[in-house]
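Participant: Okay, sequence plus prediction incoming.
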Amino acid sequence: MATAQEKLESLRAARRSSSGVSAASILSVSSSTLSQAISSIDNGKSAVIIELGTKFTKLGSAGETTPRAILRTEYINENGVKIDANEIFALNDRKKAAEKPVEYHENIISQFFKFLFLKALAPTDRPFIIVESVFMSIDMRNAITKTVLEKLRAKSIMFMPTHICSTFAFNSSKALVIDIGHSECVAMPVIEGVTMLSEFESAHLISGKIIEQRCRELLKEHGQIDEINGERRGLNDTDFEEIDSNNLIETIAINSICIGKERAQIWKSGKIPEKELLKEHVFAMNGKNLIIPPIVLETPLEIFFDASLNTQSFDKTLPQMLFSIVEKCPIDLRKSLLSNIILIGGVSTICGLKSRIKEELIEICQNAQKKYAEDVRFYQFSKLKNYPLFGAWLGASLLGSLRETVERKSISLQDWKSGKLAEDWTDIIDKNV
Amino acid sequence: MDLGILTYDETEWATTHTGNKVNKKHGITGTQNIIIAGKSIIEKSVSIRGGLAAVRIGKNCILKSGCHIRPCFKYFNKKPTQCNTIIGDYVFMEEGCIVNASQIYSFVHLGARCILGNGCVIRECSRVLPGSVIPPDTIFPPFSTIGGSPARVIGNEPLCTENLMIEACTMYYENFVPKNSHKPSLT
Amino acid sequence: MTAEPENKIQIAESAVVCAEAQISGEVSIGDGCVIHPFAIFDAKNGPIIIGNNCLFEEYCVIRNCGDGEPMIIGDENAFHVESECFAKYVGNRNLIGCRARLDRACFVADDCHITPQCHVASRQTLEQNAVVVENGVIRYHEGNKNQILNGQLEVLRNLLPNYHHKYGKGKKTG
Amino acid sequence: MSALLQSFRVKYECSCGKFRNLSDLHFCRQCFKIKCEECACVEIDMLYCARCLEASTVPEARLKKNQCFNCVECPMCMNILSGRTENDKFFLICQACSWQTREAGIEDRDSAKKWPVYENEITNEMNDVMNHMKKLEMIQNAPKDSKNRKISKGWSAHHLPNKFGLQSMVEKKRQMMFPDLTPLSVHEPEEPLSLEEELENRYKSKNLRTADQIIRQPLASSDQPLFPVRVPLQGRTSIRCDECERTLVKRDYGVVAYKFKISAFAREYVPDIRISRPVQFENDKTSHVLLTITNLSSSPIQLKISPQEKSRDDLVECSTPPVNISIPCSIDTDTAGVPAEKSDVIVFRQHNRIGLNFDFIPNQSNEHFLALSLEYTQNGSFGLLADKSQNTEEASSKVLKANVIVQLHN
């Protein structure tokens, strides 16, 4: 307890002598955060960890267990236009990247990074660790490396795939990692620290964006508006503009729940189940009351489990996806894979999702007479319910505290100038560095 | 764009010895407690409530029509008091802004119809966008562009705002000439 | 009670009403109220009954546009600069921000807080503890009572008479 | 103040090719280039809390986790909370959305500081994992070190009997290199909670919790009330030219300082062009624009303004020939030497301001831009005092260029 205190006093004495500013308040450090305070003092410049999600970006410094800031992946450029996530990640898909020259996208990325960093974290000469999804395109990585090394003058940069990072926190040797993000869902088994790339499954229909679309359709269908003079009417477009200006669809999507299978059947057949889970919610906006019936809050997630709803695309539903992963796995893993599931990503904080996945998996395994789903169990921290929001970031922060491995695997400005590209996880397999 | 010539007819305006030009149809009350440093322009129906507490306005300020300046209400060691309002030099206030602030430093530009909550402080060289509502007891650092309701810092001002403001306010004051004067029209 | 003959204004003894306030029609002001100069009370087409310990800042407009029935304003309300109130009933301990507007015949319960530049639609009823935030969204705060004016009214009551005549009395008291 | 002077009308070209207001540009006195904040290198020189304007250096900020300790924000609308007292107990209230700390179940306190914040319960567990990983890392790196270090075969302490107590020292070294690895227990996966259990301990409140409130304090799970949020620190930046690493702008010490220790605003080194009067358009007849050029620098300049031809379609065809003028600087008072020539182009001449009249033919679309290119030389006072000692002719012979686009329509 005393060392941190003395260190801080010496820091403050040095600062006070050089400035007339009033002394900062005494640092009250509860015992659990003290050990980080010590670890962040003596190893000098700890690494900066960023996870670039399509909806939120998490950034913080290594060795800590909570990110310093979770910001939305959008910013306002100098002439007031709001640049949102799919423009920042335009390099990821070839079709959109081809429209504009690469420098245009690089410029957007460098503006976004400057917006992120000049607010809080001093980025100069600190190592960077970027948690990237496995399918980030090569020129996106080069653009990020160029920005971080040249524009922000960081010491070095290193890329880490999300799936391995999320297994560090549980120190688990065998896990099926499911990352349900805002734009897509990628599920992959990670066995003994090796990403089993051949058994991956991804689906665009299982994502936050689709839930918000479902919420909008359900609201259009079932939502009602109470005018001041009492008459109730359905929703029209002007109401939806107001709804969008208050960002209400996103709030509904976050507060929605995932109900059991038989209750979903009752909702689907049009009847109202007698046991009432959620009450009707009233949202008042300039004079009108918007009535949000419980069906809007309970059934948006059915699109994950009900194949009849996603007619246009051929993506599998969530349980079928997991089942096909287990089928593809080598024979000795199949038994125990479903009892070590890790759920990360913003969508997996929705309550009721885990129990519904378990129920669906048991049902699929019975139909296929397979005994994989004896005991379906999930890695979770009961004391930290919002853990999936920054699960991958936490793993990278744990790895970031190891100084030598970070230096060995990351590249610095000189390497970048000499043409060496940021290390890709495929290089490890090819050159088995 | 240089600021054009603005003419006013002398009957409606009173000029003090320190060069302040005050419209006669003002709503200023409690004039003993109000000190205006000099070379300021106060347009019509501006109300300054000197009756509640002392108000000090710096030099070369420009208060467009319909501004209300009211001293704020604070608790000093649990005793409620009306505390003074201090407005710095070269402050430009557009039409119809309600100022309950406790302190506005110099080179600040308040947009039209903005509302400053009770007891807020705006540091130098900042700009408040028109129609923004600043909640009470907020403090804004220098060079901040403030907008939205409840207002937040949404950008930074150019770093040479101080010189720009001095130039603009002095030019505005020089070009504010009585109607029948024979000033050459081209400066 | 000083009663003007034609528009029957009743002002309580302890209320401080500045001379420059324009009061017309049948207005009765409870005790302890403070009315800043240039406040406009227009009770031509219906009486206005104001409770005690209310604060009306300058340029606020209180107009009863209902035909005949009284407009009732409870106690400990604060109407800030340039706020307009055409409501039918305003409860107790409400805070109406600058340039806020209560449209015709709306009903405001107790402990509400209307942020500046917001408005309550006509004939809308506002429940207790409602907060009208930007573009009309209503949020509810679970705190029990709004403390808006504790201490401000006494200060204003002994400050205002120094610089403003009392309503209806003409000569300067301070 | 750029709004009142409408300085968005005249855009100068920065060395990185972008067109910006003159007030946003800086001038590097070493490489004589115009720099904007995009292409210059921007760094954080001081972290401060935006609400209570209290400065903290970078190491101290890292200790405080980039959060200010004594000001807290309302979790609902991210606005400052102001203190209120009731029978001399403190509580906080947000005056924008009247949220109170009592709502979050925090009873009133006697000290107005250090409001409760959610702690991360899994920190201790994560520290064990970190220590375990550090041990694994040592094992993984150890053989590399010993491999490339040549171990001299004959004389090595490994074979000597434990005569001089060497063995214990070697044992200690091996212990450090290969720490005994106590296997860390896996965090066991658990059964998922049923929907009903999760639902009924969900925090009951009349308002739905929005996404912004969750990401502001991710540690508050859905069954706990929202606590006040500590205000994140903000960085104050200083700008350095990326080619010659010289600082262009550095503010005085102290958060509320608005003066500058080092300031190189482009305004003081590049002639400032403004439209003097609103422009009247007579379509497809030559109409005029009156531009005033001010020399705010500290040296008289010889300026050559030449309108550029119509490279883009919204540019305007300008028919006035290039103009050569010299403008005195604002400091030296003797204006005798300035030729008071008045031609149809030079309309008026003040001390350091010149009014120039350009006539142009407006184009069909309602967008009219006038492109000008400036070449000017100065008497060497722009250069750094350091290399003043060399020769001012070389410094003053350097011709400085700047391209300007003037937006004539409003």
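Facilitator: Here it is on my side, so go on.
Participant: What separation do you get for the closest residue to chain C within the stretch 301-410 of chain D and chain B?
Facilitator: Among the residues of the stretch 301-410 of chain D, residue D:410 lies nearest to chain C; the distance is 28.3 Å by Cβ to the nearest Cβ. C-beta here means a position set from N, CA and C on the backbone, and glycine is covered the same way. Distance, residue D:410 to chain B, by Cβ to the nearest Cβ, to the nearest Å: 9 Å.
Participant: Chain B contacts on chain C?
Facilitator: Applying Cβ under 8 Å from any Cβ of the partner chain, we find that chain C lies next to chain B at C:36-38, C:57-59, C:81-82, C:97-99, C:115-117, C:134, C:150-152, C:154-156, C:159-160, C:162-164.
Participant: Now the terminal residues of stretch D:28-45, how far apart.
Facilitator: 19 Å (Cα to Cα, to the nearest Å).
Participant: are any of the residues of chain C next to chain B buried, and which?
Facilitator: Burial by neighbour count, 16 or more other Cβ atoms under 10 Å in any protein chain shown: within the residues of chain C next to chain B this picks out C:36-38, C:57-59, C:81-82, C:97-99, C:115-117, C:134, C:152, C:155-156, C:159-160, C:163-164.
Participant: low pLDDT regions in the stretch 251-400 of chain D?
Facilitator: D:332-343, D:380, D:383-396 (pLDDT under 70).
Participant: got the residues of it near chain B?
Facilitator: Residues of the stretch 251-400 of chain D lying near chain B (Cβ under 8 Å from any Cβ): D:255-258, D:260, D:263, D:265, D:267, D:274-278, D:292, D:347-348, D:350, D:355.
Participant: Considering only the residues you listed, which also neighbour chain A?
Facilitator: Applying Cβ under 8 Å from any Cβ to these, those adjacent to chain A are residue D:255.
Participant: Among the residues of the stretch 251-400 of chain D next to chain B, which lie within helices?
Facilitator: Nothing among these maps onto helices, per DSSP state H.
Participant: Got a quick ChimeraX command for the buried subset of the residues of the stretch 251-400 of chain D next to chain B?
Facilitator: Selection command for ChimeraX covering only the buried members of these, criterion 16+ other Cβ under 10 Å:
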select /D:255,258,260,263,265,267,274,275,276,277,292,347,348,355
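Participant: Quick check: the residue of the stretch 301-410 of chain D closest to chain C vs residue D:275, distance?
Facilitator: Distance, residue D:410 to residue D:275, by Cβ to Cβ, to the nearest Å: 10 Å.
Participant: Nearest residue to residue D:322 in space, please, no chain neighbours.
Facilitator: Among residues not flanking residue D:322 along the chain, residue D:306 sits closest, at 3.5 Å (Cβ to Cβ, 6 or more residues apart in numbering or on different chains).
Participant: and that neighbour, how many neighbours?
Facilitator: 15 (other Cβ atoms under 10 Å in any protein chain shown).
Participant: After the helix or strand harbouring it, heading C-terminal, what element do we hit next?
Facilitator: Element membership for residue D:306, per DSSP states H and E: strand D:301-307. Downstream of strand D:301-307, the next assigned helix or strand under DSSP H and E is strand D:317-318.
Participant: Who are the packing partners of that following strand?
Facilitator: In terms of contacts (3 or more Cβ pairs under 8 Å, 6 or more residues apart in numbering or on different chains; DSSP states H and E), strand D:317-318 is packed against strand D:353-361.
Participant: Next, the angle from the strand it packs on to strand D:301-307.
Facilitator: 10 degrees (axes from the mean of the first three to the mean of the last three Cα atoms, to 10 degrees).
Participant: Adjacent strands (with direction) for strand D:353-361?
Facilitator: Take DSSP bridges as the rule and strand D:353-361 pairs in its sheet with strand D:287-294 (antiparallel), strand D:317-318 (antiparallel), strand D:346-349 (antiparallel).
Participant: Which ones among the buried ones among the residues of chain C next to chain B lie within helices?
Facilitator: Per DSSP H, these map to helices at C:152, C:155, C:156, C:159, C:160, C:163.
Participant: In this structure the first one contacts residue B:80, no?
Facilitator: Yes. Contact status for residue C:152 versus residue B:80: in contact at 6.0 Å, counting by Cβ atoms under 8 Å.
Participant: Need the overlap of contacts for the two.
Facilitator: residue B:73 (Cβ atoms under 8 Å, 6 or more residues apart in numbering or on different chains).
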